[in-house]
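Asks: pasting a predicted model and its sequence here:
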Amino acid sequence: MPKLNQWAVLAGFIALCLAVGAAGGWVTAAAVREWYPTLVKPSWNPPSWVFGPVWTTLYVMMGIAAWLVWKRDPRFSGVRLALILFFVQLALNFLWSFLFFGWRSPGLALVDIVALFVVLGLTIVAFFPHSKPAGFLLLPYLAWVGFASVLNASIWWLN
């Protein structure tokens, strides 16, 4: 495959991940202003300004990781399961914003984020045989989703 096509695919993976983040941001905007400040949160809740840069960085890393796996077999035959898991976790990531902020349901969002954590873990396991760097690129995301899961559970419990 020519290099230009590979770079276009990389840009596509990153754009897709950033689009998921942008859609989540669009859904959360009103709730972050009106509803989220009214919730009781744990003392260790990060300030709001932290979430944008962290998620942007993670989305770029996710796109690169998926691209690294895709590059191993652009026809998808050898990497199909790994990329299916990647797209499932991306869908669960997308759904979380709608559940937590759109529907204002920390309980449903908690179920989703636990599923996200599990599927993301499976994605990482599936990525490592194809590309160790891809697997490593997803580890900070797994750590953040673990942290976000505990934060989500705390908010659900406190409210």
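Replies: Sure, I can see it.
Asks: going forward, measure contacts and count neighbours with C-alpha atoms only.
Replies: Will do.
Asks: could you identify the longest helix within this protein?
Replies: Secondary structure of the chain per DSSP state H: the longest helix is helix 3-34.
Asks: now do whatever helix or strand comes next after that one: everything it contacts.
Replies: Downstream of helix 3-34, the next assigned helix or strand under DSSP states H and E is helix 48-72. Residues outside helix 48-72 that contact it (CA atoms under 8 Å, 6 or more residues apart in numbering): 6, 9-10, 13-18, 21, 76, 78-79, 82-83, 86, 127, 130-131, 133-135, 137-138, 140-141.
Asks: make a ChimeraX selection of whichever of those turn out to be buried.
Replies: If you want just the buried ones from these in ChimeraX, going by 16 or more other CA atoms under 10 Å, the selection is:
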select :6,9,10,13,14,15,16,17,18,21,79,82,83,86,127,130,131,134,135,137,138,141
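Asks: residues contacting residue 13?
Replies: Contacts of residue 13 (CA under 8 Å, 6+ apart): 63, 64, 66, 67.
Asks: can you convert those into JSON lines and add a column each for neighbour count?
Replies: Shown next, in JSON lines, are these (neighbours: other CA atoms under 10 Å):
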{"residue": "63", "neighbour count": "24"}
{"residue": "64", "neighbour count": "23"}
{"residue": "66", "neighbour count": "26"}
{"residue": "67", "neighbour count": "23"}
